[in-house]
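Student: 3D model of this:
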Amino acid sequence: MSDLAYKVLRYSGVAWLWREIVQRNKVTFLLFHDMDTKDAERNFNYLKQHYHVIELRDYLDAVRGNKKLPKKALVITFDDGHASNYDLLPVLKDQEIPVTIFLCSSIVGTRRHFWFRHSDEVKRQVETLKRQPDQERLNDLKQWGFDLQKEYDDTQALTKNQINEMKGVVDFQSHTCFHPILPQCDDATAKEEIAGSKKQLETDYGLEIDALSYPNGDYSERDIKLAKEAGYQCGVTVDSGYNDLHTDLFRLRRFSVNDAKSTTELMVKASGLYALLKHQLHKPSYGFKPS
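Tutor: The predicted structure is shown next:
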């Protein structure tokens with residue numbers, strides 16, 4: 001969407017009306033990834049002014065009947081555990097804003113790479129690689145020098161010390177071990193990615209892991225079943241839409257904000273208008289996959 005389109009939706013009042021009417025009695029989940037400090041200060045400030053930012057656990061408590069949620073409740077999430085997330089710690093402390101970061105348990109605390117950020121060559125092939133069976137994807141990645149277990153010179157993910165420093169402020173949860181496309185994995189790999197990540201984060205970091213974010217927003221009934229068996233209480237998708245107290249806890253919806261670079265863009269995306277219009281034109285390739 002162009003800057004002009006964002007401005008039209010904002011200054012015409014459409015996004016404001018949508019937020020105040022459609023979102024008022026819903027719970028909105030937003031997805032960020034690798035936002036810089038300047039953008040975070042602006043974006044968090046806007047969200048605090050126009051929504052009631054709550055913890056993911058507040059929502060789960062409300063579903064259980066143990067808590068009442070405010071109007072325009074909003075949950076802020078980040079996927080992957082990028083190294084730059086550590087730079088947001090002063091902002092999070094200063095603004096006292098709760099966020100959940102979903103960690104790839106076998107990448108954080110190491111110098112392993114996120115496969116989709118390994119090199120420019122890989123980035124150009126990402127969409128093709130996502131559609132391949134898991135082992136085929138890993139075999140093809142080797143031609144660009146990528147290996148799941150290899151430690152590289154640069155660090156792409158949060159370190160163990162950084163996570164330990166942040167965990168009093170940030171709610172850390174699971175994003176599998178290595179960020180595969182779960183429906184493309186065989187049963188054994190999917191189980192290890194889902195259950196193994198939870199165990200690793202709890203054992204190595206002393207975290208309480210209740211939530212799983214499905215990598216790339218791709219999941220199947222098998223993956224939901226494995227998450228339940230592993231002891232997760234919910235699963236978070238990138239399916240567009242709002243949540244309420246009756247939403248399937250293992251198909252929680254989120255709006256991808258894509259690390260918005262202006263307040264106008266954030267306002268439109270956080271309201272859900274952007275996703276609604278986008279998906280009218282283009283059906284997303286990610287999401288639920290029949291087993």
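Student: which parts of the helix or strand bottoming out on mean pLDDT in the chain are buried?
Tutor: Between all helices and strands in the chain, the lowest mean by mean pLDDT, DSSP states H and E belongs to helix 273-281, at a mean of 80. Applying a neighbour-count criterion of 16 or more other C-beta atoms under 10 Å, one finds 273-275 buried in helix 273-281. Just so you know, the C-beta spots here come from the backbone N, C-alpha and C atoms, and that holds for glycine as well.
Student: for the stretch 101-250 of the chain, which segments count as helices?
Tutor: 120-130, 134-141, 160-166, 187-191, 197-205, 221-230 (DSSP state H, counting those that start in this stretch).
Student: can you add mean pLDDT and give those back as JSON lines?
Tutor: Listed next are those as JSON lines, based on pLDDT from 0 to 100:
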{"stretch": "helix 120-130", "mean pLDDT": "96"}
{"stretch": "helix 134-141", "mean pLDDT": "98"}
{"stretch": "helix 160-166", "mean pLDDT": "98"}
{"stretch": "helix 187-191", "mean pLDDT": "98"}
{"stretch": "helix 197-205", "mean pLDDT": "98"}
{"stretch": "helix 221-230", "mean pLDDT": "98"}
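Student: nearest to residue 41, out of the ones you listed?
Tutor: helix 160-166 (17.2 Å; C-beta to C-beta).
Student: which residues touch that closest one?
Tutor: Under the criterion C-beta atoms under 8 Å, 6 or more residues apart in numbering, residues 81, 83, 85-86, 89, 101, 103, 108-109, 158, 172, 204-205 lie in contact with helix 160-166.
Student: just the buried residues of that helix, please?
Tutor: Under 16+ other C-beta under 10 Å, the buried positions of helix 160-166 are 162-163, 166.
Student: one more: stretch 36-51?
Tutor: 39-44, 46-47, 50-51.
Student: of these, closest to residue 117?
Tutor: Relative to residue 117, the closest of these is residue 39; by C-beta to C-beta it sits at 18.7 Å.
Student: quickly find the element holding that closest one.
Tutor: Element membership for residue 39, per DSSP states H and E: helix 37-50.
Student: mean confidence score for that helix?
Tutor: In this model, helix 37-50 has a mean pLDDT of 95.
Student: same for it, what does it pack against?
Tutor: strand 73-80, helix 89-95, helix 263-271 (3 or more C-beta pairs under 8 Å, 6 or more residues apart in numbering; DSSP states H and E).
Student: please redo it, this time with the cut-off set to 7 Å
Tutor: helix 89-95, helix 263-271 (3 or more C-beta pairs under 7 Å, 6 or more residues apart in numbering; DSSP states H and E).
Student: mind putting those into JSON lines with mean pLDDT?
Tutor: Listed next are the helices and strands packed on helix 37-50 as JSON lines, based on pLDDT from 0 to 100:
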{"stretch": "helix 89-95", "mean pLDDT": "97"}
{"stretch": "helix 263-271", "mean pLDDT": "92"}
